[in-house]
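*Asks:* Generate a structure from the sequence data that follows.
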Amino acid sequence: MRREEFLDRIRAEAAHAQGLVPATPATRPAEAGAEAAAVRERSRRETESLLARFRTEAERVGVSVRRAAGIAEAGEIVLELAAAREVRRVATWGRRALGLGSAVAARLRQAGIEVAEASPDEIAEGDRTALCRRLAEADLGLTGADLAIAETGTLVLASGAGRGRGVSLLPPYHVALFGRDQLVASLAEAGVVLEGWEAARPPGMGANVVFVTGPSRTADIELTLTRGVHGPREVHAVFVDSL
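*Replies:* Residues are numbered from 1 along each chain as shown. Predicted structure coming up:
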């Protein structure tokens, strides 16, 4: 079956579903970079209202949202979360990808928690087995977030060098740090920013982009809801004012 035939069948079946809202394909921006910059500028002006809505929507889907004035306070928040969950091992993105969040990792180490870069910027072939073991044994994954969508309470994480997907997906607890430059109002604005990324294609940026809307959930045939089967059972978003 050809691709278009397959998609046409899906559209035809979806048309019979109840309660659908009208939807049309979004128009791709003519000047993706300029439009993405405009989105960023609006977001900086509206940080407080966007953060308030992000918190409301994220908490609605089971994400804990905390706010820190600076990276030092963020370190204490993450340490508090880790201590309450008896976390012994933490896996992180690579140092460059984590940015100022490296100070949070350092605070955890200072408190006696084992912290390892489970997704370094460069991986020697012989190190892959050890890195996989670190991820499998980690209690908590520490990452940044490339976008935070206020409309849905969604965190967006782009893959690439130093940004392995396993860090946010394998440990039972995931903590993501983000700042005002990552906030956007809607999925439509997130799409504009993604188009801007594609147009610029930063070196090392991967092809995979993960949208995280709440912890992992799954239900069996009896509709028994279980968290943490296909990803973390807890997601914590820490907004840092000075990040």
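*Asks:* and the gap between A74 and S64?
*Replies:* For A74, the distance to S64 equals 14 Å [C-beta to C-beta, to the nearest Å]. C-betas here are computed from N, CA, C, even on glycine.
*Asks:* where does the residue lying closest to A188 once chain neighbours are set aside land in three-state SS?
*Replies:* Closest residue to A188 apart from its sequence neighbours, by C-beta to C-beta, 6 or more residues apart in numbering: A26 at 6.1 Å. Secondary structure assignment for A26 (DSSP: H, G, I helix; E, B strand; the rest coil): coil.
*Asks:* And the pLDDT at A26?
*Replies:* Looking at A26, its pLDDT stands at 73.
*Asks:* how many neighbours does it have?
*Replies:* 11 (other C-beta atoms under 10 Å).
*Asks:* Let me know the helix or strand that E198 is in.
*Replies:* helix 187-200 (DSSP states H and E).
*Asks:* and T129, what helix or strand is that in?
*Replies:* helix 128-137.
*Asks:* residues of the helix holding E198 that come out buried?
*Replies:* E189, A190, G191, V192, V193, L194, E195, G196, W197 (16 or more other C-beta atoms under 10 Å).
*Asks:* Let me see the mean pLDDT of it.
*Replies:* 87.
*Asks:* and if you look at stretch 224-233?
*Replies:* 78.
*Asks:* Check what contacts it and list those residues.
*Replies:* For stretch 224-233, the surrounding residues in contact (C-beta atoms under 8 Å, 6 or more residues apart in numbering) are 62, 141, 168-169, 171-174, 215-220, 234.
*Asks:* next SSE after the helix holding E198?
*Replies:* Taking DSSP H and E, what comes next after helix 187-200 is strand 205-212.
*Asks:* chain center to the least confident helix or strand in the chain by mean pLDDT, what's the gap?
*Replies:* Of all helical and strand segments in the chain, the minimum by mean pLDDT, DSSP states H and E falls on strand 225-227, at a mean of 74. Distance of strand 225-227 from its chain centroid, counting by C-alpha atoms, centre = their mean, to the nearest Å, is 20 Å.
*Asks:* Partner strands of the helix or strand that it is followed by and their direction?
*Replies:* Using DSSP H and E, the next helix or strand after strand 225-227 towards the C-terminus is strand 234-240. Applying DSSP bridges to the sheet, strand 234-240 is found paired with strand 63-68 (parallel), strand 173-178 (parallel).
*Asks:* who wins for proximity to R45 among these?
*Replies:* strand 173-178 (17.5 Å; C-beta to C-beta).
*Asks:* Now do the closest one: everything it contacts.
*Replies:* Contacts of strand 173-178 (C-beta under 8 Å, 6+ apart): 74, 78, 81-82, 85, 87, 98, 100-101, 104, 139-145, 148, 155, 157, 168, 212, 231-240, 243.
*Asks:* Give me the buried subset of the residues you listed.
*Replies:* 74, 78, 81-82, 87, 98, 101, 104, 139-145, 148, 155, 157, 168, 212, 231-240, 243.
*Asks:* Below-threshold pLDDT in this structure: ranges please.
*Replies:* Low-confidence segments of the chain (pLDDT under 70): 1, 19-21, 23, 202-206, 220-223.
*Asks:* returning to that earlier point: and the strands paired with strand 234-240 as CSV, adding mean neighbour count?
*Replies:* Below are these laid out as CSV (neighbours: other C-beta atoms under 10 Å):
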stretch, mean neighbour count
strand 63-68, 18
strand 173-178, 25
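*Asks:* would you list those strands in CSV and tack on distance to I113?
*Replies:* Below are those laid out as CSV (distance: least, C-beta to C-beta, whole Å):
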stretch, distance to I113
strand 63-68, 18
strand 173-178, 12
